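**Student:** give me a 3D structure for the following:
(one chain, ligands or ions: 3)
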Amino acid sequence: MEFSIKQSSPEKLHCGCVAVGVFDGGKLSGAAQALDQASGNYLGGIIAKGDMGGKAASTLLLHKVPGIAAERVLLVGLGKPKEVTDKVSMEILRAAFRALQGTPAKDAALYCGDENTGRDAAWVARQAVLVAAEIAYRPDSLKSKPEKPAALKSLALATMGKPSAALKAAVGQAAAIARGVKLTKDLGNLPGNICTPAYLAERALALAKEHKAIKTTVLEEKDMRKLGMGSLLSVTRGSEQPAKLITLEYRGADRKQKPVVLVGKGITFDSGGISLKPGAEMDEMKYDMSGAASVLGTLQAIAEMGLPLNVTGIIPACENLPSGRATKPGDIVTSMSGQTIEILNTDAEGRLILCDALTYAARFEPDTVVDIATLTGACVIALGHVTSGLLSNRDDLAKELLAAGEQIYDRAWQLPLYEEYQPQLDSNFADMQNIGGRPAGTITAACFLSRFTRDYRWAHLDIAGTAWKSGKEKGATGRPVPLLAQFLINRVAK
Ligand code: BES
Ligand code: MN
Ligand code: ZN
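**Tutor:** Ligands and ions are numbered 1, 2, ... in the order given. Alright, predicted model coming up:
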């Protein structure tokens, strides 16, 4: 979908549909008033009859409104501005785009701005772009007959007055973020037989081809062996697919500026290994590379924005499968850091690949490292599918990430990394074991990672619950690309 900004009075806009707001009680927004005047009180008449009362997220589609250039007018209920939370605003936007999607309109305009929506224009515009792209998304690339594509091809974020610099920036950024989200969803939705470690490496190389500012390198198992990545390599032992360690370096700033390093878990299928998972819903473990996909999506987004920052993506990618060669419970391996690990459960594999990638990350002299991983089922139990888990060894970094998530409505919640949890990882035979028992499973997983991140500012995002949806709307969500992109945008402003 194409996104643009248009300054125009709404009655003059030639397009398939113009969407304007109506507040609770039928009070017309600025743009709706303009349409009402141009149409000889047509809107006022409809509202007086009670067809549109302005209830939040209600919609009413009108055809051939007299005196209006657009083919259709969509009235969107905005509720009472004082009661409209971010959540309600998102529901209003979803309702508006669902209604738009129900029409054959190819292009549409949506009025943002305080007098039109009761909210900040830049916020509305950014979220509108993200919601429009979300609703137009179809996970049908592997259907022999693709579903009917969404009719809506271009969306204008419209204002009556001069669009602000903030609005322009928001739309440009949101369009790039939306495309990053789409890349992340596409990769997440691909099955494990297509989206292998080698496939992820190819896509990372393709990103470098598209963007001069990105340089991609791919390390093979023999390189990882030389680096001493015994923990990462222990996970891939049962697989026929070669593991890859993918690095993408985005250079948007002076080479002296230390990079933000994003490390994404890239398990392209997690069967659990010898600690085999139960069969029900095991297919969902194709999403276990969602952290990796979010690194690719975020890098694509910031490269499109041309953000003046240095950002490095690191993706340890492999499969976790059982075989005669596979790592067994009780096996002890030596990580790149030199610390030894007793693998008590081969299904706690994410931390085993991440720990070596996190040790490797130090080579890039990072300012900050953020890892993103579908790491624990415990996180789904704690926070459900609404909120990503966040743990960090620096509170100021945690606050920055939480704030970015609030800002773009891709929220996380911080869990404690208290020292008191660390003894759950004590092993009789090695420096640590890879599981910490049932209590606080998300925290002990992060405690494990914290033993490899002592030398830098680090945060961990557990996206086990937020990276995809189960049930009828099964599919990848593209989270937390918006959070990560907003975090990086905010760092430029600093
Ligand atoms: N990829 C899973 C985590 C996961 C579970 C993500 C459910 C999404 C939904 C991870 O590799 C895993 O298996 N974790 C184990 C760890 C346990 C053995 C300590 C888990 O959470 O059960
Ligand atoms: Mn697992
Ligand atoms: Zn996993």
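
**Student:** how many residues are close by whatever residue of the chain ends up closest to ligand 3?
**Tutor:** Nearest residue of the chain to ligand 3 (CB to the ion) works out as residue 270 at 3.7 Å. In this view, the C-beta of every residue, glycine as well, is placed from N, C-alpha and C. Neighbourhood size, residue 270 [other CB atoms under 10 Å]: 25.

**Student:** just the one 10 residues further on next, same as before
**Tutor:** For residue 280, the tally of surrounding residues (other CB under 10 Å) stands at 7.

**Student:** wait, is it part of a strand?
**Tutor:** No - counting by DSSP: H, G, I helix; E, B strand; the rest coil, residue 280 is located in no strand; its state is coil.

**Student:** 778 is where my numbering starts, stick with that
**Tutor:** With the count now opening at 778, the last piece we talked about shows up as residue 1057.

**Student:** what about stretch 1239-1257, average pLDDT?
**Tutor:** Averaged across stretch 1239-1257, pLDDT comes to 96.

**Student:** does ligand 2 have contacts with it?
**Tutor:** No - using CB under 5 Å from the ion, stretch 1239-1257 stays clear of ligand 2, coming no nearer than 9.9 Å.

**Student:** how long is that stretch end to end?
**Tutor:** End-to-end distance of stretch 1239-1257 (CA to CA, to the nearest Å): 10 Å.

**Student:** buried residues in that stretch, which are they?
**Tutor:** By 16 or more other CB atoms under 10 Å, the buried positions in stretch 1239-1257 come out as 1239-1245, 1252-1257.

**Student:** export the residues you listed to a markdown table and tack on distance to ligand 1 and secondary structure?
**Tutor:** Output for the buried residues of stretch 1239-1257, formatted as a markdown table (distance: CB to the nearest ligand atom, whole Å; DSSP: H, G, I helix; E, B strand; the rest coil):
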| residue | distance to ligand 1 | secondary structure |
| --- | --- | --- |
| 1239 | 9 | strand |
| 1240 | 9 | coil |
| 1241 | 4 | coil |
| 1242 | 7 | coil |
| 1243 | 10 | coil |
| 1244 | 8 | coil |
| 1245 | 8 | strand |
| 1252 | 14 | strand |
| 1253 | 12 | strand |
| 1254 | 13 | coil |
| 1255 | 16 | coil |
| 1256 | 13 | coil |
| 1257 | 14 | coil |
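
**Student:** report the two of those residues separated the most.
**Tutor:** Pairwise distances across the buried residues of stretch 1239-1257 (CB to CB) peak at 19.6 Å, for the pair 1239 and 1252.

**Student:** ok, back up a step: quick one: the residue of the chain closest to ligand 3 from residue 1059, how far?
**Tutor:** In this view, residue 1047 and residue 1059 are 9 Å apart by CB to CB, to the nearest Å.

**Student:** again, but for residue 1067
**Tutor:** Residue 1067 is 16 Å from residue 1059, by CB to CB.

**Student:** have a look at the two and say which one is more surrounded.
**Tutor:** Neighbour count, other CB under 10 Å: between residue 1067 and residue 1059, residue 1067 has more, with 31 against 14.

**Student:** OK, contacts around that one?
**Tutor:** By CB atoms under 8 Å, 6 or more residues apart in numbering, the contact list for residue 1067 reads 961, 965, 1042, 1149, 1151, 1240, 1244, 1245, 1253.

**Student:** tell me how far the residue nearest to it when sequence neighbours are not counted lies from residue 1070.
**Tutor:** Spatial nearest neighbour of residue 1067, excluding adjacent residues (CB to CB, 6 or more residues apart in numbering): residue 1244 at 3.6 Å. Look at residue 1244 and residue 1070: by CB to CB, they are 8 Å apart.

**Student:** what's the overlap in contacts for the two?
**Tutor:** Jointly contacting residue 1244 and residue 1070 under the rule CB under 8 Å, 6+ apart are 965, 1253.

**Student:** ok, and the closest non-adjacent residue to residue 988?
**Tutor:** residue 1080 (4.0 Å).

**Student:** what pLDDT does that neighbour get?
**Tutor:** Looking at residue 1080, its pLDDT stands at 98.

**Student:** wait, it sits on residue 986?
**Tutor:** No - using CB atoms under 8 Å, residue 1080 is not in contact with residue 986, being 11.6 Å away.

**Student:** these two: who's more crowded?
**Tutor:** With neighbours defined as other CB under 10 Å, residue 1080 and residue 986 compare such that residue 1080 has more, 23 against 9.

**Student:** which SSE is the more buried one in?
**Tutor:** Element membership for residue 1080 (DSSP states H and E) is helix 1067-1082.

**Student:** that helix vs ligand 3: in contact?
**Tutor:** No - using CB under 5 Å from the ion, helix 1067-1082 never reaches ligand 3; the gap is at least 9.7 Å.

**Student:** quick one: distance of stretch 1212-1225 to the chain centre.
**Tutor:** Stretch 1212-1225 sits 24 Å away from the centroid of its parent chain (CA atoms, centre = their mean, to the nearest Å).

**Student:** scratch that, stretch 1054-1069 is what I was asking about
**Tutor:** Centroid displacement of stretch 1054-1069 relative to its chain, using CA atoms, centre = their mean, is 18 Å.

**Student:** kindly check the end-to-end length of that stretch for me.
**Tutor:** Counting by CA to CA, the terminal residues of stretch 1054-1069 are separated by 22 Å.

**Student:** what's the answer for stretch 1097-1112, then?
**Tutor:** Where stretch 1097-1112 begins and where it ends lie 17 Å apart, using CA to CA.

**Student:** what about residue 818, how many residues nearby?
**Tutor:** Applying other CB under 10 Å, we find 12 other residues in the vicinity of residue 818.

**Student:** check contacts around residue 1226.
**Tutor:** 1128, 1131, 1132, 1135, 1148, 1235, 1237.

**Student:** ranges for the strands of the stretch 1128-1271 of the chain?
**Tutor:** Taking DSSP state E, counting those that start in this stretch as the test, the strands found in the stretch 1128-1271 of the chain are 1145-1150, 1165-1169, 1189-1191, 1209-1210, 1234-1239, 1245-1246, 1252-1253.

**Student:** and the first one, which strands flank it?
**Tutor:** Using DSSP bridges, the strands paired with strand 1145-1150 in its sheet are strand 1037-1041 (parallel), strand 1234-1239 (parallel).

**Student:** what comes up buried for the last one?
**Tutor:** Spelled out, that is strand 1234-1239. By 16+ other CB under 10 Å, the buried positions in strand 1234-1239 come out as 1234, 1235, 1236, 1237, 1238, 1239.

**Student:** need the contact partners of it.
**Tutor:** Residues external to strand 1234-1239 that are found in contact with it (CB under 8 Å, 6+ apart): 1068, 1135, 1143-1153, 1156, 1165-1171, 1174-1175, 1178, 1189, 1219, 1222-1223, 1226-1227, 1257, 1260.

**Student:** hang on, residue 976 in a helix?
**Tutor:** Yes - assessed with three-state DSSP, residue 976 lies in a helix.

**Student:** the top strand by length along the chain to helix 1067-1082, inter-axis angle?
**Tutor:** Using DSSP state E, we find that the single longest strand of the chain is strand 1087-1097. Here the directions of strand 1087-1097 and helix 1067-1082 differ by 150 degrees (axes from the mean of the first three to the mean of the last three CA atoms, to 10 degrees).
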